[in-house]
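missing the sequence, but the structure's below:
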């Protein structure tokens, strides 16, 4: 069925056999939209858990569809996107497609909590880029610490950027010794920041603040959305509903929601049939 959200039209599709069929349907949609003229980086595929992301990435690569897997141990917010894009500029300069330095300067001013467009903000950012560019192989953690020393720590002092502060804490934890991404360099961050020409693959939990022309949401199953651990707590169900609505409204034009009627947690780990998510019924996407 089809509905309408703040982000344009929304359609729901049943994929009978599970996550692999959902991944193939996602690839079909991406190929069709790219052929119709939608830039690949304006297509976002949103998955409920990492397993779905892994399956989608495998299917897209097998079919020759360029994809950027952004599943990570830290969330997505203005600060994480800024850091990744700045790293892309450090690594690629003005050849870093999809990264505009004037946009970076505007984001830097916002994160510094400065209202005026002072020339020193722009000059300071240029200096940061030059210092980082001269340090090949710099660890991502050191790159972020350099930004903190240059004024990024301001986000910890303003309640308006509390979400960015939480995301930055997650990034620091991921990049510190013993973290999931402790070996990452600035170049690895740049790979995430340079998304032009590739379909963007995110988890639903990390998609807040992002926008695409077209988005595809997988795993709209009862027990996954809302999560089965939330079902006995109405406040948790309400929070899962909010996250689902955020995912549905990531698209400016078209949203495709895929479901199978049962959740999958890993290879050979399928849940019992639970039916489609109640949120689809609430949005009148299914009967």
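Ah, there it is. Computed from a predicted structure; not experimentally measured.

residues contacting residue 110?
By C-beta atoms under 8 Å, 6 or more residues apart in numbering, residue 110 lies in contact with residue 78. For every residue, glycine as well, the C-beta is placed using N, CA and C.

buried ones in the helix or strand encompassing it, by neighbour count?
Per DSSP states H and E, residue 110 falls inside helix 101-111. Using 16 or more other C-beta atoms under 10 Å as the test for burial, helix 101-111 gives 101, 104, 105, 107, 108, 109, 110, 111.

just these: which has the poorest pLDDT?
Lowest pLDDT among these: residue 101, with 81.

how distant is the helix holding residue 110 from the center of its chain?
Put simply, helix 101-111 sits 20 Å off its chain's centre (C-alpha atoms, centre = their mean, to the nearest Å).

continuing past it, what's the next helix or strand?
As assigned by DSSP H and E, the chain's next helix or strand after helix 101-111 is helix 119-133.

tell me what angle that following helix forms with helix 101-111.
In terms of direction (axes from the mean of the first three to the mean of the last three C-alpha atoms, to 10 degrees), helix 119-133 departs from helix 101-111 by 110 degrees.

contact partners of helix 119-133?
Contact with helix 119-133 is made by 86-87, 89-91, 104-105, 108-109, 112, 114, 138, 143, 146-147, 150-151, 186, as judged by C-beta under 8 Å, 6+ apart.

which among the residues you listed end up buried?
Among these, those classed as buried by 16+ other C-beta under 10 Å are 86-87, 89-91, 104-105, 108-109, 112, 138, 143, 146-147, 151, 186.

ok, those vs residue 21, which is closest?
The shortest approach to residue 21 among the buried ones among the contacts of helix 119-133 belongs to residue 87, at 35.9 Å (C-beta to C-beta).

am I right that that closest one sits in a helix?
Yes: assessed by DSSP: H, G, I helix; E, B strand; the rest coil, residue 87 belongs to a helix.

that one is in contact with residue 184, isn't it?
No: assessed by C-beta atoms under 8 Å, residue 87 is found out of contact with residue 184, at 9.9 Å.

overlap of the contact sets of those two?
Residues touching both residue 87 and residue 184 by C-beta under 8 Å, 6+ apart: residue 140.

and residue 264, how far is that from residue 285?
Counting by C-beta to C-beta, to the nearest Å, the separation of residue 264 from residue 285 is 21 Å.

the strands in the protein, which residues?
For the chain, strands defined by DSSP state E occupy the ranges 2-5, 8-14, 43-47, 67-69, 199-203, 212-217, 251-259.

and residue 17, how many neighbours?
Neighbourhood size, residue 17 [other C-beta atoms under 10 Å]: 9.

OK, contacts around it?
residue 260.

ok so, going back, in the buried ones among the contacts of helix 119-133, find the pair that's most separated.
Comparing every pair within the buried ones among the contacts of helix 119-133 by C-beta to C-beta identifies 109 and 138 as the most remote, at 23.9 Å.

hang on, residue 286 packs against residue 276?
Yes: using C-beta under 8 Å, residue 286 and residue 276 qualify as a contacting pair, with a distance of 5.8 Å.

what's the distance between the closest residue in space to residue 150 that isn't next to it in sequence and residue 54?
The shortest distance from residue 150 to any non-neighbouring residue, by C-beta to C-beta, 6 or more residues apart in numbering, is to residue 128 (5.8 Å). Per C-beta to C-beta, residue 128 is found 34 Å from residue 54.

the two: which is more packed in?
A direct count of neighbours by other C-beta under 10 Å for residue 128 and residue 54 places residue 128 higher, at 21 against 18.

how close does the more buried one sit to residue 152?
Per C-beta to C-beta, residue 128 is found 10 Å from residue 152.

same deal with residue 270?
44 Å.

which one's more surrounded, these two?
Between residue 270 and residue 152, counted using other C-beta under 10 Å, residue 152 has the larger neighbour count: 22 against 14.

low-confidence regions, the stretch 151-287 of the chain specifically.
Applying pLDDT under 70 to the stretch 151-287 of the chain flags residues 194-196.

what about the helices in it?
Along the stretch 151-287 of the chain, counting by DSSP state H, counting those that start in this stretch, helices occupy 162-175, 186-193, 234-248, 278-282.

next, the buried residues of the last one.
Of all the residues in helix 278-282, those buried under the rule 16+ other C-beta under 10 Å are 278, 279, 280.

which single one of the residues you listed is nearest to residue 254?
Nearest to residue 254 among these, counting by C-beta to C-beta, is residue 280 at 16.4 Å.
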